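>>> 3D model of this:
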Amino acid sequence: MFLALFTSAAALMPTSAHAPFLQGEALDNVADFMSWIVIILVHILPEKIAMKKKHPQAKAIQCLCLLSLVSGGLPWPIAWL
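Residues are numbered from 1 along each chain as shown. Predicted coordinates:
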C-alpha cells in the first residue's frame, strides 16, 4: 500500500525545478540581497527582544549587535546571554 502511494506521488512530481521569472545573474543578485536582509534581521533580533522586555542592559546589547554586524558576528552570541 505504502509503495503504491509513494510511486504514484513520485509520478506526479515535476522532474526538474526552475525559476522562470529569474535566471542567471538576476537570480544571484536577488539571492545575495535576500541573504543580507536575513543576516541583518537575525543580528538585530537580540536588541529587539531586549527593548521589548525592558532589559536593564538593552543599550549594551544594542552595541554588541551593531559590533557583531561589523566584526563578522563574533560578539553576537554574547548578546544572547
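
>>> Show me what the top helix by length along the chain is packed up against.
Longest helix in the chain, counting residues (DSSP state H): helix 25-52. Other elements packing on helix 25-52 under the criterion 3 or more Cβ pairs under 8 Å, 6 or more residues apart in numbering; DSSP states H and E are helix 58-70, helix 76-80. Glycine gets a C-beta too; all of them are placed from N, C-alpha and C.

>>> relative orientation of that helix and helix 58-70 in degrees?
160 degrees (axes from the mean of the first three to the mean of the last three Cα atoms, to 10 degrees).

>>> buried stuff in helix 25-52?
The neighbour-count check on helix 25-52 (16 or more other Cβ atoms under 10 Å) flags His43, Pro46, Glu47, Ala50 as buried.

>>> now, which of these sits nearest Leu67?
His43 (9.9 Å; Cβ to Cβ).

>>> how near is that closest one to Val70?
Separation of His43 from Val70 (Cβ to Cβ, to the nearest Å) stands at 10 Å.

>>> coming back round to it: quick check: of the buried residues of helix 25-52, which lies closest to Pro56?
Relative to Pro56, the closest of the buried residues of helix 25-52 is Ala50; by Cβ to Cβ it sits at 9.2 Å.

>>> show me what contacts that closest one?
The contact partners of Ala50, by Cβ atoms under 8 Å, 6 or more residues apart in numbering, come to Gln57, Ala58, Ile61, Gln62.
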